[in-house]
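>>> I would like the atomic coordinates for the input below:
(chains A, B, C and D)
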There are 2 protein chains.
Amino acid sequence: MRYKAGLETRDRILQATRKLIASEGMDGTTIKAICDLAGVLPGSFYNLFDSKEQAILSVVRQAIDAVDPDPDHRGTDTLSDLVEAYIKFVTEEGDLARVYIRLAISGSANNPEIWGRTMRHHQGRVARFAAAISREHPMMSDAQTERRAETLVTALNGVTLHKVMDPDFDVSVHARALLTDALAGV
Amino acid sequence: MRYKAGLETRDRILQATRKLIASEGMDGTTIKAICDLAGVLPGSFYNLFDSKEQAILSVVRQAIDAVDPDPDHRGTDTLSDLVEAYIKFVTEEGDLARVYIRLAISGSANNPEIWGRTMRHHQGRVARFAAAISREHPMMSDAQTERRAETLVTALNGVTLHKVMDPDFDVSVHARALLTDALAGV
DNA sequence: TACTTATTTGAGCATACACTCTAATTTGAG
DNA sequence: CTCAAATTAGAGTGTATGCTCAAATAAGTA
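The predicted structure is shown next:
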């Protein structure tokens, strides 16, 4: 892959793959469907990707990266910033959010690569939430901070899970409620 | 299906299907795998079930029913009872919990039957949670009650989602924390 | 322009899938 | 015991899947 045409084709294939994973799931996404949607023939697909799994993994990487809008980890975000960023991700990047949730189940079950990646991502996310909580509540014990962060991140994923099922579900209301509740008893 | 042998075979097939959906997902569950695990040949399977989908739907029904341990809806459960029952379900019925979570994604996406069933179940569950909250906090507005119930149910599903990914995840700690937080600010 | 390398074409392959069919066996009521 | 009905056996069908390959075309470089 060195010419411009190849890069453009690669992009179209990834877009098609993303859309299909979001709507059909990882198993339900076929090479034929990807190629049809991308306007490409199987030969072209396999000129650019070694396998269907490789293309899926690329999309998975995109989804995981998209959850964390500030990978630099500058450490200045408030907890509210983190929650708002997640709300924005879920509402504005619907396809990627669907991919992200499908990851946790379809993907992680039998694919160690995806499972490891997802778990590491989750831990990093919990750590960032914990750091934000710690900044805003310096007196809280580390264990408490960690636990609250993990509960919140997990609960937020539940909100996303439901949004994936029900497009009318109001993510922002429930996500903000979780944020409020999480710190109400402090 | 009228003889005893048929009923036993049917049971073995459903057990096998449940295990396989839990570990491989709905799409990943094949007739051959079901038959191997149940010790049955395809002919027997199709003597008892019209299709693979019918067998899966039977398991889905089991999973949905298992979430609600008191279908009589006597209306005397406290919110804590409901949360504890859910914790018990998730920790003791691991396979069914996995099926239940997979439902929300793999199943509901393109199967209207499963989607409708799942949504109706969810609404019923939210209603029961709302009723319990209302009993314990009679002054709270209906809208508030409903919203808090929905946030809690959704968040609990997030906890289950994570448990499905990480077997070491402590469901009870986080589920109880959500319960506490949900009513902390009242 | 000439030539190398990337890209595209599209038929084709092996495999796995859900499902069917007929014949054999087992069941249990009368 | 008899016999019709239920159950099982297991080879077989058509189709869809992931993927390959040799030939044709397009893109960039000197």
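>>> please make it C-alpha for all contacts and neighbour counts, starting now.
Will do.
>>> show me what contacts residue A:95?
Shown in contact with residue A:95 (C-alpha atoms under 8 Å, 6 or more residues apart in numbering or on different chains): A:18, A:19, A:22, A:23.
>>> just the buried residues of the helix or strand that contains residue A:85, please?
If you go by DSSP states H and E, residue A:85 is part of helix A:79-92. If you call a residue buried by 16 or more other C-alpha atoms under 10 Å in any protein chain shown, then helix A:79-92 has these buried ones: A:79, A:82, A:83, A:84, A:85, A:86, A:87, A:88, A:89, A:90, A:91.
>>> other SSEs contacting it?
If contacts are counted by 3 or more C-alpha pairs under 8 Å, 6 or more residues apart in numbering or on different chains; DSSP states H and E, helix A:79-92 sits against helix A:52-67, helix A:94-102, helix A:112-136, helix A:171-184.
>>> of the ones you listed, which approaches DNA strand D most closely?
helix A:52-67 (3.7 Å; C-alpha to the nearest atom of the strand).
>>> that closest one: which residues count as buried?
A:52, A:55, A:56, A:59, A:60, A:62, A:63, A:64, A:66, A:67.
>>> just the angle for that helix relative to helix A:94-102, thanks.
In terms of direction (axes from the mean of the first three to the mean of the last three C-alpha atoms, to 10 degrees), helix A:52-67 departs from helix A:94-102 by 110 degrees.
>>> can I get the buried residues of helix A:52-67 in JSON lines including distance to chain B and pLDDT?
Shown next, in JSON lines, are those (distance: C-alpha to the nearest C-alpha, whole Å; pLDDT from 0 to 100):
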{"residue": "A:52", "distance to chain B": "16", "pLDDT": "97"}
{"residue": "A:55", "distance to chain B": "19", "pLDDT": "97"}
{"residue": "A:56", "distance to chain B": "16", "pLDDT": "96"}
{"residue": "A:59", "distance to chain B": "18", "pLDDT": "96"}
{"residue": "A:60", "distance to chain B": "16", "pLDDT": "93"}
{"residue": "A:62", "distance to chain B": "20", "pLDDT": "92"}
{"residue": "A:63", "distance to chain B": "16", "pLDDT": "92"}
{"residue": "A:64", "distance to chain B": "16", "pLDDT": "90"}
{"residue": "A:66", "distance to chain B": "19", "pLDDT": "87"}
{"residue": "A:67", "distance to chain B": "16", "pLDDT": "86"}
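>>> how about the residues of chain A by DNA strand C?
Taking C-alpha under 7 Å from any atom of the strand as the contact definition, chain A meets DNA strand C at A:1-7, A:9, A:40-44, A:47-48.
>>> pull out the buried members of those.
By 16+ other C-alpha under 10 Å, the residues of chain A next to DNA strand C give A:9, A:48 as buried.
>>> still on that earlier bit, and the contacts of residue A:95 as TSV, adding pLDDT, neighbour count and distance to residue B:35?
Output for those, formatted as TSV (pLDDT from 0 to 100; neighbours: other C-alpha atoms under 10 Å in any protein chain shown; distance: C-alpha to C-alpha, whole Å):
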residue	pLDDT	neighbour count	distance to residue B:35
A:18	97	27	34
A:19	97	21	34
A:22	94	23	31
A:23	93	19	30
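>>> return the subset of those lying in helices.
Among these, the ones falling in helices (DSSP state H) are A:18, A:19, A:22, A:23.
>>> looking at those, which is nearest chain B?
Using C-alpha to the nearest C-alpha, residue A:23 is the member of the ones in helices among the contacts of residue A:95 that sits closest to chain B, with 6.9 Å.
>>> ok, now which ones touch the closest one?
The contact partners of residue A:23, by C-alpha under 8 Å, 6+ apart, come to A:95, B:109.
>>> from residue A:32, how far off is it?
Counting by C-alpha to C-alpha, to the nearest Å, the separation of residue A:23 from residue A:32 is 15 Å.
>>> and if you look at residue A:66?
According to C-alpha to C-alpha, residue A:66 and residue A:32 sit 27 Å apart.
>>> follow-up on the earlier one: greatest separation within the buried residues of helix A:79-92: which pair is it?
Spatially, the most separated pair among these is A:79 and A:91, at 18.5 Å (C-alpha to C-alpha).
>>> flag every residue of chain A that's near DNA strand D.
Contact residues (C-alpha under 7 Å from any atom of the strand) of chain A with DNA strand D: A:3-5, A:27-32, A:42-43, A:46, A:50-53.
>>> name the residues that touch stretch A:38-50?
The contact list for stretch A:38-50, computed with C-alpha under 8 Å, 6+ apart, reads A:1, A:6, A:9, A:10, A:12, A:13, A:15, A:16, A:31, A:32, A:35, A:55.
>>> and what of stretch A:99-114?
With C-alpha under 8 Å, 6+ apart as the criterion, stretch A:99-114 contacts A:18, A:21-22, A:25-26, A:57, A:60, A:63-64, A:115-116, A:118, A:157, A:160-161, B:23-25, B:102, B:105-106, B:161-162, B:164-165.
>>> any of these buried? List them.
Buried residues within these, counting neighbours by 16+ other C-alpha under 10 Å: A:18, A:21-22, A:25-26, A:60, A:63-64, A:115, A:118, A:157, A:160-161, B:23-25, B:102, B:105-106, B:161-162, B:164-165.
>>> got the contact list for residue A:164?
A:97, A:98, B:105.
>>> okay, now the residue of chain A found nearest chain B: neighbour count?
Using C-alpha to the nearest C-alpha, residue A:158 is the residue of chain A that sits closest to chain B, at 3.3 Å. For residue A:158, the count of nearby residues is 26 (other C-alpha atoms under 10 Å in any protein chain shown).
>>> does it touch residue B:151 like I think?
No - counting by C-alpha atoms under 8 Å, residue A:158 does not reach residue B:151; the two are 9.1 Å apart.
>>> low pLDDT regions in chain A?
Along chain A, the model assigns pLDDT under 70 to residues A:1, A:69-73, A:108, A:185-186.
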